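Q: Return a 3D structure for these sequence lines:
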Amino acid sequence: MRSPLGMDQETLIKTLLERKLATRAQIDECVREADEIRRGGAANIPLEEVLIAHEFVDRAKIEAITGGASTSAPERAMPAEAPLAPLEDDRTIAYPPAEEKTRRAPVEDLSEQATSITPSEPGPSTEEIPPVVRAAMQEPMNLFGKYVRLHQVGRGSLGSVWKCWDTEARRYVAIKMLRETRKSPEIEGLLTEARRTSRLHHPNIARVLEAGTRGTGQFESQHFIVLEFVEGATLEGARTKGMTPKRGAEIARDVSRAVDAAHAEGILHRDLKPRNVLLSEEGEVKVVDFGLARLVDLDPMAAAELSRTGRIIGTPAYMPPEQAVGRTHDFSARSDVYSIGATLYFLLTGRPPFEGKSHFEVCFKVVREELPPPSSVNPAVPQDLERIVMRAMAKDPLRRYDSARAFADDLDRYLSGAPIVSDDELLFTRGISALNAGRLEEAVHMFRDLMVMEGVRGSSGAVVGGRDAVLRKLNEGEEGLKLAIERQTKNYDIRTQRGIIRFARAVISSFDRVDPREDCKNALDDFGRACELRSESSAARVNRANLLLFSGRFQRDKGKDITPIFKMALDDLSTAVKHDDTYSAAYHNRGIVHFYMGMEANKSKTDPREHFYKAIDDFSVAAKLEPTYAYVFKDLGVVKMALAKHMLANGERPRDILEQAVDHLSRAIKLQSRLQGAYFERGMALFALKRFEEAISDWTRCIDLDPTKRKLVEPYLNEARAKLASRGGS
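A: Residues are numbered from 1 along each chain as shown. Okay, here's the model as predicted:
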């Protein structure tokens, strides 16, 4: 095809090569770019304009060849997705002639529904408009308010992404054109969240510059989000060229720092993956799509709101287990930590952590299957880096790093050759986190382990274990919160934090058989005040119920009637479930209360079955909501063992109940191999099923894990050995 005013593209290429004005590689690169622009639905950009834009050939030499006329490329089929039609009342943007370069061209404002965020620092000012932009602006269909659309650079589930030119800021931007054209509360919420994320200012975050809607019709509106444009590749593309473990760790560290900055503003990303992280041509990391993340104040109230909407956002291969099963209460900073860990896993191995033929299959593996260590895929992955990845991707949120900052700091230690944080150093923060999450039993176990670490020093040189060191740390924390509470008497979070610290001190005091009543009373004061400040908060009620449960168990051991205390705890937990039916800790702890009430009924010679069945129902719901939590499966096994014993005492044969108990306890042990109580209870069930050899193995393991249990376990162990010997076993 020949332009009526000049030569065709092939002739231009031939002439350039003959006169040695451009190389074949330069020409091929520009031909590909011009083709991409046309395929994206933008204007037919002359090849010479692309060559001039790249400064391969100057304009004077091109005009000497073409006589000042444009060349034209062969006709091509239009893309499947038609280009945007000109918007109503849009007019061509007329740029000033060369001698008037400093004047701004008139541009049309976006509709009233669009909200523009002016950057605190203006983008690069370019006096000379790029030729590609100059050519594209001649086509009305490429005009979008103050933006000139150039070509499509990406496509996702929500719509397409276009490289555009901002005529006011004189810079390239990326515009995400949402596929949905109707107005709806969901779209309005999405745009509102995108606008709010404009406050994120971090060198490793691609900024949201603007978000809004063009058009006033109810059904045909164009919703859009304007982002900082990053010239580079996604981590998916970058990884195909190969990557060293060290470089992968550097990228993950920078991503973690960016995400930590977002968390400080109360924003969770919730869809971190290699495709949502860009690597600029200079090697700079940029996290994108914060504008499409769900905005969450990192507290229980926001989690409850999420549970009502029931929305799950994320990519299965990189989402954490709590997201895969829709356990919205547990969406937290740790959820993003998991996804960064999964992204690092991809950088180290070249493949996602879990793969499957469908989203459902991937989600199943994320929740149920053990993570293959990165070194099993890539033997070059260093041991410390592997430990960091496995810790970040723990299925149980409380066993991950408690923040993106902690994750970044450990990666920094690895990169600098310093020792990474030891597992023992994490026990204190995990114990506090477990209390905060309503996991009383797990918190007790963690603090007990911490107590035996007398004199152990962490990587920072500070003593991390031992009773005195832990109590000193708790006292310092409470002292710091005292002044904050005096200044902010109605602050829910500060009250809750002090209550947790006092609760932790009560737990530690109980190890030495010291009466924790004073700390319990003070913590109960804080949790009660938190309930008043947020009556609809499930977390506040679970905290108070846990304290009542702990206090009740301590008093029960002293022979006191604790039924009134347990009933108060039951009321709080039932209210918590009513406010948030995804709060697994509320179901789990309510099941524990029912179990204890059943045991009290058994002791008083009344039928405990009603309480045991209620406990089983609650534990079963908790297990569905939190299929990676070992303690809930252990408690399911324990209550079924208690039910089986009651049935045996009444002459019944509960073989199926005993086998169910073995299954639950085996699941608990698979999730947490050092769960001493699960081995003891499974040994009891196996003994009742006359599987004496297996029972002996479990009870031996129980003593190995906790030698203080020897006196309790040995009588059962000896009886099992006698039974096995009488049957002719070894």
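
Q: In contact with the closest residue to Arg674 other than its chain neighbours, which residues?
A: Leaving aside its chain neighbours, Arg674 sits nearest to Leu705 (5.8 Å; criterion: C-beta to C-beta, 6 or more residues apart in numbering). (Glycine included, C-beta is placed from N, CA and C.) Applying C-beta atoms under 8 Å, 6 or more residues apart in numbering, we find Leu705 in contact with Arg674, Gln676, Tyr679.

Q: how close does Leu705 get to Thr582?
A: Distance, Leu705 to Thr582, using C-beta to C-beta, to the nearest Å: 33 Å.

Q: distance of the residue nearest to Arg674 from Phe680?
A: Between Leu705 and Phe680 the computed distance is 9 Å (C-beta to C-beta).

Q: now do Arg556
A: 20 Å.

Q: Neighbour count: those two, which is higher?
A: Set Arg556 next to Phe680 and count neighbours by other C-beta atoms under 10 Å: Phe680 wins out with 22 against 17.

Q: Surely the more buried one is in contact with Ala695?
A: No - if you go by C-beta atoms under 8 Å, Phe680 and Ala695 don't touch, sitting 10.2 Å apart.

Q: What segments of the stretch 101-250 of the chain are strands?
A: For the stretch 101-250 of the chain, the strands defined by DSSP state E, counting those that start in this stretch occupy 115-116, 143-144, 147-155, 159-166, 171-178, 208-214, 222-228, 232-234.

Q: least reliable of those going by mean pLDDT?
A: Ranked by mean pLDDT, the strands of the stretch 101-250 of the chain bottom out at strand 115-116, which scores a mean of 39.

Q: what about stretch 372-387, average pLDDT?
A: 95.

Q: end-to-end on it?
A: One end of stretch 372-387 sits 12 Å from the other (C-alpha to C-alpha, to the nearest Å).

Q: could we number from 727 for the rest of this?
A: I'll keep to 727 as the first residue from here, and by that count the last item is stretch 1098-1113.

Q: Give me the buried positions along it.
A: Residues Pro1099, Pro1100, Ser1101, Asn1104, Val1107, Asp1110, Leu1111, Glu1112, Arg1113 are the ones in stretch 1098-1113 that count as buried (16 or more other C-beta atoms under 10 Å).

Q: List the contacts of it.
A: Stretch 1098-1113 has contacts (C-beta under 8 Å, 6+ apart) with Pro971, Ala975, Tyr1071, Leu1074, Thr1075, Gly1076, Arg1077, Pro1079, Val1115, Met1116, Tyr1140, Ile1146.

Q: where does the first one land on pLDDT?
A: The reference is to Pro971. If you check Pro971, the pLDDT there is 96.

Q: from memory it sits against Gly1076, does it?
A: No - contact criterion C-beta under 8 Å: Pro971 and Gly1076 do not qualify, at 11.8 Å.

Q: Name the residue in these two with the higher neighbour count.
A: Neighbour tally, Pro971 and Gly1076, criterion other C-beta under 10 Å: the higher count belongs to Pro971, 19 against 13.

Q: ok, the more buried one to Pro1000 distance?
A: Pro971 sits 16 Å away from Pro1000 when distances are taken as C-beta to C-beta.

Q: ditto for Arg1267
A: Going from Arg1267 to Pro1000 by C-beta to C-beta gives 40 Å.

Q: Comparing those two, which residue is more hemmed in?
A: Arg1267 (30 against 22).

Q: So the more buried one sits against Asp1298, correct?
A: Yes - in this structure Arg1267 lies within contact range of Asp1298 using C-beta under 8 Å: 4.2 Å.

Q: Which secondary structure state does the closest residue to Ala975 other than its chain neighbours sit in?
A: Distances taken as C-beta to C-beta, 6+ apart place Leu1137 nearest to Ala975, at 5.2 Å, with adjacent residues excluded. Secondary structure state of Leu1137, per DSSP: H, G, I helix; E, B strand; the rest coil, is helix.

Q: Leu1137 is in contact with Ile1114, isn't it?
A: Yes - at 6.3 Å, Leu1137 counts as touching Ile1114 under the criterion of C-beta under 8 Å.

Q: neighbour count winner among these two?
A: More crowded of Leu1137 and Ile1114, by other C-beta under 10 Å: Leu1137, with 29 against 24.

Q: got the contact list for the more buried one?
A: By C-beta under 8 Å, 6+ apart, the residues touching Leu1137 are Ala975, Glu976, Ala978, Arg979, Ser982, Ile1114.

Q: Make JSON lines from the residues you listed and add distance to Pro1353 to it.
A: Formatted as JSON lines, the contacts of Leu1137 follow (distance: C-beta to C-beta, whole Å):
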{"residue": "Ala975", "distance to Pro1353": "30"}
{"residue": "Glu976", "distance to Pro1353": "34"}
{"residue": "Ala978", "distance to Pro1353": "27"}
{"residue": "Arg979", "distance to Pro1353": "31"}
{"residue": "Ser982", "distance to Pro1353": "27"}
{"residue": "Ile1114", "distance to Pro1353": "25"}
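
Q: what's the most distant pair in those?
A: Farthest-apart pair in the contacts of Leu1137 is Glu976 and Ile1114; separation 12.8 Å (C-beta to C-beta).

Q: Which one (most neighbours) among the contacts of Leu1137?
A: Neighbour count (other C-beta under 10 Å) singles out Ser982 as the most crowded of those, with 31 neighbours.

Q: Contacts only, for it.
A: Here Ser982 is in contact with Val1063, Ile1066, Ala1130, Arg1131, Phe1133, Ala1134, Leu1137 (C-beta under 8 Å, 6+ apart).
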